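Visitor: My questions are about this predicted structure, shown below with the sequence.
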Amino acid sequence: MNLHNIVSGAVGVVNPHSPGEIRVSVGYDIAPSGKQVPRYITTPVTAQIQPLTFTDLQHTNGLNIQGMLKAAYVNGNFNAVNRPRQQGGDLLIINGEEWLIVQILEEWPNWCKFAVTLQRGEQ
């Protein structure tokens with residue numbers, strides 16, 4: 001059962017959904033200069049962006065992250081850094097802003113909630 005789909009209509013009245021995309025990291029290429037260049041697969045998503053709750057702030061407290069942090073709800077499952085699986089570095093692009101997924105806060109079969117930090121503002 002996808003609880004996110006059940007409540008997202010009601011939540012969307014107060015806080016509209018934002019169309020965007022997630023750039024899923026799939027490794028890197030080597031540029032002629034020898035520099036590593038990240039490679040991504042782009043997936044369209046509709047995200048619900050909200051402030052972090054008190055509990056979310058407690059979860060992210062030990063990450064030593066500064067800057068603008070928010071929570072994002074999306075259908076599907078995406079990755080923060082997962083060193084054993086060599087995954088992470090996924091980006092959420094909403095309204096021209098680039099957000100790095102820094103921590104998965106809730107993970108369910110059909111949707112997830114993750115903490116994001118702003119990397120680049122509107123372009």
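Guide: Received it, and whenever you're ready, just let me know what you need. Numbering: from 1, shown residues only.

Visitor: From here on, just use CA atoms for contacts and neighbour counts.
Guide: OK.

Visitor: how about the strands in this protein?
Guide: 18-30, 36-50, 69-75, 91-94, 97-107, 111-120 (DSSP state E).

Visitor: which other residues reach the longest one?
Guide: Pointing back at strand 36-50 there. Residues outside strand 36-50 that contact it (CA atoms under 8 Å, 6 or more residues apart in numbering) are 12, 15-31, 70-75.

Visitor: Within its sheet, name the partner strands of it and how each one runs.
Guide: According to DSSP bridges, strand 36-50 forms sheet pairs with strand 18-30 (antiparallel), strand 69-75 (antiparallel).

Visitor: cool, and the fourth one?
Guide: Applying DSSP bridges, strand 91-94 is found paired with strand 18-30 (antiparallel), strand 97-107 (antiparallel).

Visitor: In space, not sequence, find me the middle residue of the chain.
Guide: I101 (3.9 Å; CA atoms, centre = their mean).

Visitor: Would you agree it is in contact with N82?
Guide: No: using CA atoms under 8 Å, I101 makes no contact with N82, being 11.3 Å away.

Visitor: Which neighbours do the two have in common?
Guide: Joint contacts of I101 and N82 (CA under 8 Å, 6+ apart) are G88.

Visitor: So, low pLDDT: which residues of the protein?
Guide: 1-14, 121-123 (pLDDT under 70).

Visitor: again, only using 80
Guide: 1-16, 59, 62-64, 79, 81-88, 121-123 (pLDDT under 80).

Visitor: circling back: the strands of the chain: which one's closest to Q58?
Guide: strand 97-107 (10.8 Å; CA to CA).

Visitor: and N95, backbone torsions?
Guide: Backbone torsions for N95, taken as degrees, to the nearest 10, come to phi 50, psi 40.

Visitor: distance of it from V26?
Guide: 23 Å (CA to CA, to the nearest Å).

Visitor: who touches stretch 18-34?
Guide: 36-49, 78-79, 87-95.

Visitor: can you check stretch 68-75 too?
Guide: 4, 45-52, 110-118.

Visitor: Alright, that wraps it up for me.
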